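Q: Mind folding the following:
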Amino acid sequence: MGEVHEGTAVMDWMAQERERGITITAAATTCHWRDYRINIIDTPGHVDFTVEVERSLRVLDGGIVVFDAVHGVEPQSETVWRQADRYRVPRICLVNKMDRVGADYWRTIDMIAERLEARPIPIQIPIGSEADFAGVIDLIEQKAWSFPADREQAPIVKEIPPELAAEAAAHRERLFERLAEVDDQLMISYVEGHEVTTMELKKALRRATLATQATPVLCGAALRNKGIQLLLDATVDYLPSPVDVPPIVGTHPESGELAERSADDEAPFCALAFKIVSDPYVGRLAYFRVYSGHATEGTAVLNTAQGKKERFGRLLRMHANHREEVAEVFAGDIAAAIGLKNTFTGDTLCDPARPILLESIRFPEPVIAVSIEPKTMEDQDRMGESLRRLAEEDPTFRTRYDEETGQTIISGMGELHLEVIVDRMLREFRVEANVGRPEVAFKETITRSARAEGRFVRQTGGHGQYGVVDIEVAPQERGAGFQFTDATKGGSIPKEFIPAVKTGVKQALESGLLAGYPVVDVAVTLLDGQYHPVDSSELAFRNAGILAIREALDRADPVLLEPIMKLEINAPEEFFGDVLANVNGRRGHVIGVEPRGKLQVIRAVVPLAEAFGYATDLRSLTQGRATHSMEFDHYDEVPAELADRITGGRVKKPARA
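A: Below you'll find the predicted structure:
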């Protein structure tokens, strides 16, 4: 067993993880407990690497959420919890680090209930805390477990100490009440005064957990191996196996009809690729979760997202960065394959005779960007390939070439995210580069509907170019993204040219009129158009789409959007006023303040543009005694005077055809 901060943790295998003492990339492994095999994915907690959590939650059946007993529910825990809510993933909680100074099990449980709006049900109570944390009382089995000082020794099971019997009985009664509120069978037994056996209680808790109506809470100290055996027991007892979850639902790629696949080895093969990795030893690895059926090396599969056939090369079971070859994979397995050249994150792999398309994975938009330039011509050649491979691995990392400045711009979820990317370029791909200052990834959107016509008509010696489109743009809710609707009637534009119009529209939206930032949250409707039986082409309609969208955006009152960050600060009381004034001076808005021991916890939202260098300012304001965490929350409109400054007081006018 390794230690994160010493760089010896097994699952944190990347050089950057070992140096920084944090998890950066999700790692998969497999372990056996009792008669069960448990597939584990260890995900990061840092919000810059939220992509790893998002894609892992998409393919997992259950989750263990680890909280720090001293800090309780932190902002990044809230983000992960909401992601798990979205995927309806059943969870159990471990309140870790019970042996640290300031550990408070019950306060953490209260925070889980208040901040996460969950129903935590403690199934253990600690024996002692901080340096005196010696064991736990299991409220279900009504036994006490003590943990020897030597972490290699097995825990000792004994009767509940007499001095803790009354407290344990009170908490067990409370467990009954909380569970009876969400489980009808237990409610009947409780009301009628029947004796409930340990097995019945476990079954009731399992039912409530699988229905995401309750969350069992345990405690321990992982570094000292205290409570981990009981956590594995709880994983088996309360979290779902693949057969406990409803069949995965997808659609037929051609007819659009709903299709189901249950966790059965004999069903048609169906899997979701959730992670692509460039391995220096074996090349391109595609991690996938098998939902139904089985596959062997050499099996031909259909990638329904890309519409291409693929063939499994070697199949691997991963243990962090160690690979174990397997001959076959079955329903419920998490494995990796070599040889899938056209498969990307979120793609569905299935039996070609029984195609199905599963819902892909949605990822947040990047909020921060830096310019990057190779140091030498040799680096120039390698940089393009390294950026392409890194973008394949990480869907929240984007790269584009700015023709105006001649620079490559890379975008990500935060300063740490981009720092790690640049570090990986240097170590893994041997690319040395100069990196510019971080910049905010502004966006543009529109505030009202508008309609415009785009005419691309060119007459040359031979065939000309003829395409006319009439489109309407309308604003959408924040985060709704881009939507394209074909509302043409009577064949005014032949069907084969519609995709070209959509391509032109999407291309034009990549660079807005105000300051060249991407335009988001826009619904585009293609209303009408004209074509020429000889001169019309895909090129003509693509260009007509570009001209039309630019004209329409100009009429739709475009505005600038900026990323707003959620900020949480833990500051000693004597610095409270200074910290609050600093937040307000950064165009921040305080949402709430709550005391936590001798600290004041300030929760606020602040524009990312004002948040650069905040860590340094906070340290100097509070003599290094305050801590903070920051994560992306939403996009909001930039105040008019600031927008004027960012755009240089000018609006780029569209080029007229």
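Q: and residue 105, what does it touch?
A: Contacts for residue 105 were tallied using Cβ atoms under 8 Å, 6 or more residues apart in numbering; they are 69, 95, 98, 122, 125, 126, 129, 219. Backbone N, C-alpha and C define where each C-beta goes, glycine included.
Q: measure it to residue 170 for me?
A: Counting by Cβ to Cβ, to the nearest Å, the gap from residue 105 to residue 170 is 15 Å.
Q: Likewise for residue 321?
A: 48 Å.
Q: Those two - which one has more neighbours?
A: Using other Cβ atoms under 10 Å as the criterion, residue 321 and residue 170 rank with residue 321 on top: 15 against 11.
Q: Show me which strand runs longest in the protein.
A: Taking DSSP state E as the criterion, the chain has its longest strand at strand 558-572.
Q: immediately after that strand, which helix or strand?
A: Later in the chain than strand 558-572, the nearest helix or strand by DSSP states H and E is helix 576-585.
Q: Please work out which residues outside that next one touch it.
A: By Cβ under 8 Å, 6+ apart, the residues outside helix 576-585 that reach it are 567, 569, 571, 590, 600, 602, 604, 606, 617-618, 621-622, 626.
Q: Buried only: go through these for me.
A: 567, 569, 571, 600, 602, 604, 606, 618, 621, 622, 626 (16 or more other Cβ atoms under 10 Å).
Q: can I get the residues you listed in JSON lines with secondary structure and pLDDT?
A: Output for the buried ones among the contacts of helix 576-585, formatted as JSON lines (DSSP: H, G, I helix; E, B strand; the rest coil; pLDDT from 0 to 100):
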{"residue": "567", "secondary structure": "strand", "pLDDT": "91"}
{"residue": "569", "secondary structure": "strand", "pLDDT": "91"}
{"residue": "571", "secondary structure": "strand", "pLDDT": "89"}
{"residue": "600", "secondary structure": "strand", "pLDDT": "90"}
{"residue": "602", "secondary structure": "strand", "pLDDT": "93"}
{"residue": "604", "secondary structure": "strand", "pLDDT": "95"}
{"residue": "606", "secondary structure": "strand", "pLDDT": "95"}
{"residue": "618", "secondary structure": "helix", "pLDDT": "89"}
{"residue": "621", "secondary structure": "helix", "pLDDT": "90"}
{"residue": "622", "secondary structure": "coil", "pLDDT": "89"}
{"residue": "626", "secondary structure": "coil", "pLDDT": "85"}
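Q: can you put those in CSV and add distance to residue 236?
A: Shown next, in CSV, are those (distance: Cβ to Cβ, whole Å):
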residue, distance to residue 236
567, 39
569, 40
571, 42
600, 42
602, 41
604, 42
606, 44
618, 44
621, 48
622, 45
626, 42
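Q: quick one: which of those residues is nearest residue 509?
A: Comparing these against residue 509 with Cβ to Cβ places residue 606 closest, at 28.0 Å.
Q: Quick check: chain neighbours aside, which residue is closest to the closest one?
A: Nearest residue to residue 606, sequence neighbours excluded (Cβ to Cβ, 6 or more residues apart in numbering): residue 588, at 3.8 Å.
Q: tell me the contacts of that neighbour?
A: Residue 588 sits in contact with 567, 604, 605, 606, 607, 610, where contact means Cβ under 8 Å, 6+ apart.
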